[in-house]
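**Student:** Okay, predicted coordinates and the sequence, questions at the end:
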Amino acid sequence: AQTVTQSQPEMSVQEAETVTLSCTYDTSESDYYLFWYKQPPSRQMILVIRQEAYKQQNATENRFSVNFQKAAKSFSLKISDSQLGDAAMYFCACTYNTDKLIFGTGTRLQVFP
Amino acid sequence: EAQVTQNPRYLITVTGKKLTVTCSQNMNHEYMSWYRQDPGLGLRQIYYSMNVEVTDKGDVPEGYKVSRKEKRNFPLILESPSPNQTSLYFCASSSAGFSEETQYFGPGTRLLVL
């Protein structure tokens, strides 16, 4: 069965510092997509970053970047220069069977001033 | 403004009383899906639809029905709700599954079944 594992239920970071959220996944497919979503207290789901598995280059979006290790099936999210507005629940997700998406259980990130 | 809307946003109901949660998108997207979010479980896919009249089960379809008669609408139907369906529900859409672009999520519907 396809699984996505986020082993850190909670993380905290000081403002302006860097934090890395971990995600591992298990898939037998060769072509798939990986995502990080942010869910602030408003409960809105916001796409942070997207990675195609066939691309070796790690995706980046401003202060957000990923470390994609395909062989290890690891997809961690690095947030640089953390801001108070980054405080949220973060979900890692992976596609499977082309049309389905499976999520991890989430990591709650706290940002301290 | 491109968006996915859901109604109602909050709903309290009783066991066995049929209900429908509507979902509508204004982006002419072909792909739509429903998820439920529960503490400690993340989001789980209930049903998805690749196009009008084409729907398929996700990981947790039991107790739910969907229909896709129009491209813009994808209602979620609970024929006989039970307390274990108390959850936060999200509708999402994208132009063509996940390979083309990201999903746009609705604001969520919080359902309490007594």
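**Tutor:** Arrived safely.

**Student:** Name every strand pairing with the helix or strand containing residue A:94 and say which way it goes.
**Tutor:** Using DSSP states H and E, residue A:94 sits within strand A:88-96. When pairing is defined by DSSP bridges, strand A:88-96 lines up against strand A:33-39 (antiparallel), strand A:100-103 (antiparallel), strand A:107-112 (antiparallel).

**Student:** Report the mean confidence score over it.
**Tutor:** Mean pLDDT, strand A:88-96: 93.

**Student:** still on that earlier bit, mind checking which of the strands paired with strand A:88-96 is nearest residue B:60?
**Tutor:** Residue B:60 sits nearest to strand A:100-103 of all those, at 11.2 Å, using Cβ to Cβ. No exception for glycine: its C-beta is placed from N, CA and C like everyone else's.

**Student:** In chain A, what helix or strand scores lowest on average pLDDT?
**Tutor:** Least confident element among the helices and strands of chain A, by mean pLDDT, DSSP states H and E: strand A:100-103 (a mean of 88).

**Student:** Distance from the chain centre to it, please.
**Tutor:** From the chain centre to the centre of strand A:100-103 is a distance of 13 Å (Cα atoms, centre = their mean, to the nearest Å).

**Student:** Equivalent analysis for stretch A:52-68, please.
**Tutor:** On Cα atoms, centre = their mean, the centre of stretch A:52-68 falls 10 Å from the chain's centre.

**Student:** got the end-to-end distance for it?
**Tutor:** 10 Å (Cα to Cα, to the nearest Å).

**Student:** With stretch A:97-113 instead?
**Tutor:** End-to-end distance for stretch A:97-113, by Cα to Cα: 42 Å.

**Student:** try stretch B:2-17
**Tutor:** Stretch B:2-17: ends 33 Å apart by Cα to Cα.

**Student:** One more: stretch A:19-35?
**Tutor:** Stretch A:19-35 end-to-end distance (Cα to Cα) = 17 Å.

**Student:** which residues of the chain score low on pLDDT?
**Tutor:** Using chain A. Flagging of chain A using pLDDT under 70 yields the residue ranges A:98.

**Student:** The chain in question should be chain B.
**Tutor:** In chain B (pLDDT under 70), the answer is B:97-101.

**Student:** Leaving out the residues flanking it, which one is nearest to the most centrally placed residue in chain A?
**Tutor:** Nearest residue to the geometric centre of chain A (Cα atoms, centre = their mean): residue A:36, 3.4 Å. Among residues not flanking residue A:36 along the chain, residue A:48 sits closest, at 4.3 Å (Cβ to Cβ, 6 or more residues apart in numbering or on different chains).

**Student:** ok, the one you found - contacts?
**Tutor:** A:35, A:36, A:37, A:38, A:61, A:64, A:77, A:90 (Cβ atoms under 8 Å, 6 or more residues apart in numbering or on different chains).

**Student:** Which one, of the strands paired with strand A:88-96, ends up nearest to residue B:15?
**Tutor:** Between residue B:15 and those, the shortest gap by Cβ to Cβ is with strand A:100-103, which sits at 27.6 Å.

**Student:** Alright, calling it a day.
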